[in-house]
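Enquirer: whatever this is, show me its structure:
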Amino acid sequence: MILTLLSPVQVAAAGMDSPPESCDGAETPLDPFDEHKEDIQAMIDDYTSKEIVQELSQRGFQTSQRSLERRLQIWGFRRQSGARGTNTPVSEALINAVDDLFHHTLLNDAQIAARLLEQGLQTTGRQVRSIRQRSGWLRVTSGPDRAARAAATFQQVEQVLNGPGRTFGRGWMITYLRQHCGFKAHQRDVIAAQRQLDPEGVATRQPGSRKKRLENYITSGPNFLWCLDGHDKLAQFGMQIYAAIDAYSRKIIWYYCGNSNRTAISVVRQYFIAVKSLGLCPRFIRTDRGTETVLLAAIHFSLFIEACLAEQWPDDEYQELQISHCYIYGKSTHNVKIESLWRQQRFQCTDPWIDYFKTLQAQGLYRQDLLADQVVILFLFMPLLRKELTAFVSTHNAHPIRAQKHRSQHVSGIPDELYRHQQHGFEANNEVLTALQATLPEYGKYYLIDWQ
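Expert: Numbering: from 1, shown residues only. Here you go, the predicted structure:
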């Protein structure tokens, strides 16, 4: 009779507690892998499989890399994807961090791992996937749970449609639910819920005649170009908006909502807050030639000059510096990135408010020339508008921009993630920045929507 040595997996599958003995009663020889198990377990953190095989060979145990990999699988010693033999322990903090990012962002496992590495938590995409699966946090729901998930999605969509998401399409709705509600909704369930709850809104979002788009809008990367402008559609009701958007990633850098978006001091203060928070100035700024941008252009040019001095530009190049080397003037209608943002803002957020205020005006319940009416409008509705704009900004920065096959240079992805690409701005001189900021007069309460 020919006997073969069974592996522990085969022993368990056969229902036996231990390997069989030979016919003559002699014990089965000890597996050489078991003799070196502790050594292999110690080496797996710092060695590749090839290096472990070489080390075992020096200790007198000859094996192959393939045999080692099979034995590691039997023992349950698994390496994480992209690591050099790393067997990172799973801590409670890591599990909680994965839980938060999975349920409140649209990031995939690799992107979650990259975000956690920035936070000082060592992990990989494969380990993130393992944590999700063990915790039951699945990306796809099937079987009997699917009907329950669809019913829960219907309730969530109904609540959002009665609040800030009354004009959201399916993409924005999915992003909002994930980011603000921690609820993972499938696209098919959101589509079905919106068709039932908001058929008129769905009809207005159907494809129709569209303006021909620019073939390609090319910028070098994040912070190469910021596009700035003001939005005055609500100005007759005392509410004014000013914003900046990064042209490459389409991430909203800041969003101001108040009663003074057209003063030079207000715009410069917005710029200072953003630059001090980010630690970088954009390589270029693009605006129209409004009176509120004159001071902004001068200050940005001053910071650009200081950056050139810090980089020790040649004297001839330094003497030839002009404001056009860091600032672009143009018509508002040609500032396509910020104009696109205003279109999205009106469609997703402010159009219903404009219609409502115009209704009040038509019925004689609001008069623009009465100070009392202006105060009441600002007191009652400014906090609500700011709250909805805050949700708009965070959802915009987290929603995925789809690829467009007819635009070869189009950059698709999530604005927050695209903004993490290689930076193309310049560092601001903190001393100069503080000195310039100190020259601005302090007045009133300042409110800027947080863009982080």
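Enquirer: the helix ranked longest in the chain - contacts with which helices or strands?
Expert: In the chain, with assignment by DSSP state H, the single longest helix is helix 371-398. Contacts defined by 3 or more C-beta pairs under 8 Å, 6 or more residues apart in numbering; DSSP states H and E place helix 371-398 against helix 170-181, strand 252-258, helix 336-345, helix 351-362, helix 415-418, strand 448-449. Heads up, the C-betas are built off the backbone N, CA and C, glycines and all.
Enquirer: and it, what's buried?
Expert: Buried residues in helix 371-398, counted by 16 or more other C-beta atoms under 10 Å: 373-374, 377-378, 381-382, 385-386, 388-398.
Enquirer: what do you get for stretch 299-319?
Expert: 299-301, 303-308.
Enquirer: what does stretch 177-188 give?
Expert: Using 16+ other C-beta under 10 Å as the test for burial, stretch 177-188 gives 177-180, 183-186.
Enquirer: for Arg139, state which of those is nearest.
Expert: Using C-beta to C-beta, Lys184 comes nearest to Arg139 of the buried residues of stretch 177-188, at 7.6 Å.
Enquirer: list the contacts of that closest one.
Expert: Contact analysis of Lys184 by C-beta atoms under 8 Å, 6 or more residues apart in numbering lists 103, 139, 177-178.
Enquirer: in JSON lines: those, plus distance to Phe224 and pLDDT.
Expert: Output for the contacts of Lys184, formatted as JSON lines (distance: C-beta to C-beta, whole Å; pLDDT from 0 to 100):
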{"residue": "His103", "distance to Phe224": "33", "pLDDT": "87"}
{"residue": "Arg139", "distance to Phe224": "34", "pLDDT": "78"}
{"residue": "Leu177", "distance to Phe224": "33", "pLDDT": "88"}
{"residue": "Arg178", "distance to Phe224": "29", "pLDDT": "87"}
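Enquirer: where do the helices sit along the stretch 101-250 of the chain?
Expert: For the stretch 101-250 of the chain, the helices defined by DSSP state H, counting those that start in this stretch occupy 109-118, 125-135, 145-161, 170-181, 187-197, 199-204.
Enquirer: pick the most buried one from those.
Expert: Mean neighbour counts were compared across the helices of the stretch 101-250 of the chain using mean count of other C-beta atoms under 10 Å; the top stretch is helix 170-181, at a mean of 21.
Enquirer: what packs against that one?
Expert: Looks like helix 170-181 contacts helix 92-104, helix 145-161, helix 187-197, helix 371-398 (3+ C-beta pairs under 8 Å, 6+ apart).
Enquirer: save those helices as a markdown table, and put in distance to Ile252 too.
Expert: Below are the helices and strands packed on helix 170-181 laid out as a markdown table (distance: least, C-beta to C-beta, whole Å):
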| stretch | distance to Ile252 |
| --- | --- |
| helix 92-104 | 18 |
| helix 145-161 | 20 |
| helix 187-197 | 23 |
| helix 371-398 | 5 |
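Enquirer: so Leu177 versus Leu101, what's the distance?
Expert: Leu177 sits 15 Å away from Leu101, taking C-beta to C-beta, to the nearest Å as the criterion.
Enquirer: please apply the same query to Leu295.
Expert: Distance, Leu295 to Leu101, using C-beta to C-beta: 40 Å.
Enquirer: can you check Trp75 too?
Expert: Distance from Trp75 to Leu101, by C-beta to C-beta: 31 Å.
Enquirer: more crowded one of those two?
Expert: Neighbour count, other C-beta atoms under 10 Å: between Trp75 and Leu101, Leu101 has more, with 19 against 15.
Enquirer: assess the claim that the more buried one and Ile112 are in contact.
Expert: Yes. Using C-beta atoms under 8 Å, Leu101 is in contact with Ile112, at 4.8 Å.
Enquirer: would you map out the domains in this protein?
Expert: 1-27, 31-77, 92-135, 147-203, 225-449 (automatic domain parsing).
Enquirer: can you list the ones you listed in TSV and add distance to Thr219?
Expert: Putting the domains of the chain into TSV (distance: least, C-beta to C-beta, whole Å) gives the following:
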stretch	distance to Thr219
domain 1-27	55
domain 31-77	41
domain 92-135	22
domain 147-203	23
domain 225-449	4
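Enquirer: and those domains, which one's lowest on average pLDDT?
Expert: Per-stretch mean pLDDT for the domains of the chain is lowest at domain 1-27 (a mean of 38).
Enquirer: returning to that earlier point: closest one of the buried residues of stretch 299-319 to Phe426?
Expert: Closest to Phe426, out of all of the buried residues of stretch 299-319 and judged by C-beta to C-beta, is Ala307, at 4.1 Å.
Enquirer: which residues does the helix or strand hosting that closest one contact?
Expert: Per DSSP states H and E, Ala307 falls inside helix 294-310. For helix 294-310, contacts defined as C-beta under 8 Å, 6+ apart pick out 228, 264-265, 267-268, 271, 275, 281, 285, 287, 317-318, 321, 323, 325-327, 426-429, 432-433, 436.
Enquirer: which of those count as buried?
Expert: Using 16+ other C-beta under 10 Å as the burial test, those include 228, 264, 267-268, 271, 275, 281, 285, 287, 326-327, 426, 428-429, 433, 436 as buried.
Enquirer: among those residues, which lie within strands?
Expert: 228, 281, 285, 287, 327, 426 (DSSP state E).
Enquirer: and the residues you listed as CSV, adding distance to Ser249?
Expert: What follows is those, written out as CSV (distance: C-beta to C-beta, whole Å):
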residue, distance to Ser249
Leu228, 15
Cys281, 16
Ile285, 16
Thr287, 19
Tyr327, 20
Phe426, 17
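Enquirer: may I ask which two of these are separated the most?
Expert: It's Thr287 and Phe426 that sit farthest apart of those, by C-beta to C-beta, at 18.3 Å.
Enquirer: of the buried residues of stretch 177-188, closest to Leu360?
Expert: His180 (28.7 Å).
Enquirer: if anything else comes up later, I'll come back, but that's it for now.
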